[in-house]
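K.L.:
structure for the following, please:
(chains A and B)
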Amino acid sequence: MMIDENYIDKDILFIVNSEIRLQILTELKNEPQTVRELVDRTNMAYSSVSNNLSKLEYKNHVIKEDRIYTINPMTRIYFDQIMEFKKSIDVVQNFNNFWYKHDITYININLIEDITKLYKSKLIETNPIDIYKTHNNIKKNLEKSRNVKGILPYIHPEYPKLMEKILKSNGKIELIMEKSIYRGLISQIDEKVKRQAKKEGRLKIHVLKENLEIYLLICDNKMNLGLFKNDGSYDQNRILTSDTHESINWANSLFDTIKEKVI
Amino acid sequence: MAAKNMNETREFKNVKYLLTSSMRTLILVVLYNNNKTLNEIRDELQKPSATILHGLKELEENNLIKKDKKEYSLTSNGYLLSTNIIKLINNWYSIETHKDFWNSHDLSGIPEEYLNKLYLLKDAELVSSTTSDLSNAFNTYIQLLRTSASIKMILPIYSENHFKYIIKLLKSDSIQHLTILINKKILRTMRKSRYLKKTILKNRKVTVLDMDRNPKIFLTYSEEFMTLTLFFKDKHYDDSQMIVDRSENSIRWAKGLFNYYMEDSNDRQ
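P.N.:
Numbering: from 1, shown residues only, chains lettered A, B, ... in the order given. Below you'll find the predicted structure:
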């Protein structure tokens, strides 16, 4: 991609350049209002609000009618995109420990462009007094779920029993995993339960020759994502988890793209 | 309260940091596709080494890039942010390219999520009718319909002219599957015509999905192309200007938007 110094239109740069102007537009996006209302809601000084409003009006970013300021519809679109970008920065920064020095090559570009779908996630990290925090969280998810999809680069000793329980209660499981991990898991699940579930199409396992360096577990309405460190080891101490509709969609796309790639 | 205020304005600090220094932004974009040495970066950006080094140092301190031997590359955080910076720049580019089109039409039919993804339409062309060819946009549209066997559309208008050509293409088997997502009232009007009932509504090649909503958007897509026409702000349909894009990204955008409205439809396969 070719970009030069003028990658940002001057008029947009004018907005981005001032946090006060960004703040004003945030307010006006919610609803049209007067200078006084803006001052009350933002707690910014009257002079800086009115000063910046006049500038915004002069550049046609806001429209003034009967003392009430409205955001220009085109400016609104640019502004929404800035806010969306801000959200993507927040996802990176709020979960800095999760991303930094970790391998994200399994997450394709479309999903990275949609990274804001993870906005409301929670980062679960183990700590010295609770070293099983990530696992216990996953365990809780598995105990409550009837529909599980996952990419498992390792299995915790408790997984076979948890999965067996899901199958016994007529739940559905679809997994992608490496051969030896598959054997470890499947040999510990009751033969009859396994056969029955397979016959009814409730147990699908895609077995691979090579290991996958990403952890993804989608349980009913919760998604859990784990990454490998740059040194090639799995980071068992961090899980990004979320239960929003959009994050589940995001996780399902991740599952599907990886499935498509490896199978 | 003052402290709260400080926090709120500081909220945008990172946006400012990443967008208002051309040097920082340019370096992140330059390193997006490949690792590069200082010399390579300098050659590409045509800036003095000192300026570039200053930017590199800042980005390194913020864990966005790393230096290995003589090569600079993005960290995972840097890659996540660069991808989204490029998305934002392409978003603006998409709008800027056809600014008059977006500015003069009613965009209420495009939800915010899809306005935020206009970068997917960055290769779009605008086909306009001219005074010498009043139906240029419409003719281009019909030509495009001919190129695909399977087509989906959100149809916000009752137009005999459109129906005429659609029926023709269905008859000649040029179109083999057509899915029309349509507002209830327009569907009711269509049902009043025995001819349309027979040729479109009851055609086994056609799936009609009706919805309560009435989005001001005429969207068509297939595996090969997508088109978009809109209404003027005064609520009149504008058939003189049409966005056309054949890129995979644009088709993904159209498909997403179609599905967005389809989720609300009353399924009647």
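K.L.:
poorly predicted segments of the chain, please.
P.N.:
Going with chain A. A:1-7 (pLDDT under 70).
K.L.:
the chain in question should be chain B.
P.N.:
Using pLDDT under 70, chain B drops low at B:1-10, B:267-269.
K.L.:
for it, what's the longest helix?
P.N.:
Using DSSP state H, we find that the single longest helix of chain B is helix B:76-97.
K.L.:
CA-only coordinates of stretch A:103-118, as CSV, when you get a sec.
P.N.:
Provided in CSV are the C-alpha atoms of stretch A:103-118 (Å, rounded to 0.1, in the frame of the first residue of the first chain):
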residue,chain,number,x,y,z
ASP,A,103,2.1,-15.5,18.3
ILE,A,104,-0.9,-14.1,16.5
THR,A,105,-0.3,-15.6,13.1
TYR,A,106,-3.3,-17.9,13.3
ILE,A,107,-5.6,-14.9,13.5
ASN,A,108,-6.1,-13.8,9.9
ILE,A,109,-6.3,-10.2,8.7
ASN,A,110,-10.1,-10.0,8.5
LEU,A,111,-10.3,-11.0,12.2
ILE,A,112,-7.7,-8.5,13.2
GLU,A,113,-9.6,-5.8,11.3
ASP,A,114,-12.6,-6.9,13.5
ILE,A,115,-10.6,-6.9,16.7
THR,A,116,-13.0,-4.5,18.3
LYS,A,117,-15.5,-7.4,18.6
LEU,A,118,-13.3,-8.4,21.5
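K.L.:
contacts only, for A:N60.
P.N.:
A:N60 makes contacts with A:N72, A:T75, as judged by C-beta atoms under 8 Å, 6 or more residues apart in numbering or on different chains. The C-beta positions use only the backbone N, C-alpha and C, and glycine is treated the same way.
K.L.:
what parts of the stretch 151-269 of chain B come near chain A?
P.N.:
B:R252 (C-beta under 8 Å from any C-beta of the partner chain).
K.L.:
helices of the stretch 151-269 of chain B, residue ranges please.
P.N.:
Using DSSP state H, counting those that start in this stretch, the helices of the stretch 151-269 of chain B run over B:160-171, B:184-191, B:194-196, B:248-262.
K.L.:
mean neighbour count, those helices: which tops it?
P.N.:
helix B:248-262 (a mean of 18; mean count of other C-beta atoms under 10 Å in any protein chain shown).
K.L.:
and the angle from that helix to helix B:76-97?
P.N.:
Interaxial angle of helix B:248-262 relative to helix B:76-97 (axes from the mean of the first three to the mean of the last three C-alpha atoms, to 10 degrees): 80 degrees.
K.L.:
and for helix B:248-262, what's in contact with it?
P.N.:
With C-beta under 8 Å, 6+ apart, helix B:248-262 has contacts from A:110, B:110-111, B:113-114, B:117-124, B:152, B:154, B:181, B:209, B:211, B:213, B:215, B:217, B:219-226, B:228, B:245.
K.L.:
could I have that helix exported to PDB, CA atoms only?
P.N.:
The C-alpha coordinates for helix B:248-262 follow below in PDB (Å, rounded to 0.1, in the frame of the first residue of the first chain):
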ATOM      1  CA  GLU B 248     -13.700 -10.000  -2.900                       C
ATOM      2  CA  ASN B 249     -13.800  -7.500   0.000                       C
ATOM      3  CA  SER B 250     -16.700  -5.600  -1.400                       C
ATOM      4  CA  ILE B 251     -18.700  -8.800  -1.900                       C
ATOM      5  CA  ARG B 252     -17.900  -9.700   1.700                       C
ATOM      6  CA  TRP B 253     -19.300  -6.300   2.800                       C
ATOM      7  CA  ALA B 254     -22.400  -6.700   0.700                       C
ATOM      8  CA  LYS B 255     -23.000 -10.200   2.000                       C
ATOM      9  CA  GLY B 256     -22.600  -9.100   5.600                       C
ATOM     10  CA  LEU B 257     -25.100  -6.200   5.100                       C
ATOM     11  CA  PHE B 258     -27.600  -8.500   3.300                       C
ATOM     12  CA  ASN B 259     -27.400 -11.000   6.200                       C
ATOM     13  CA  TYR B 260     -27.800  -8.200   8.700                       C
ATOM     14  CA  TYR B 261     -31.300  -7.400   7.200                       C
ATOM     15  CA  MET B 262     -32.100 -11.000   6.400                       C
END
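K.L.:
tell me the secondary structure of A:T70, please.
P.N.:
strand (DSSP: H, G, I helix; E, B strand; the rest coil).
K.L.:
distance check, the residue nearest to it when sequence neighbours are not counted against chain B.
P.N.:
Nearest non-adjacent residue to A:T70, counting by C-beta to C-beta, 6 or more residues apart in numbering or on different chains: A:P32, 4.2 Å away. Look at A:P32 and chain B: by C-beta to the nearest C-beta, to the nearest Å, they are 17 Å apart.
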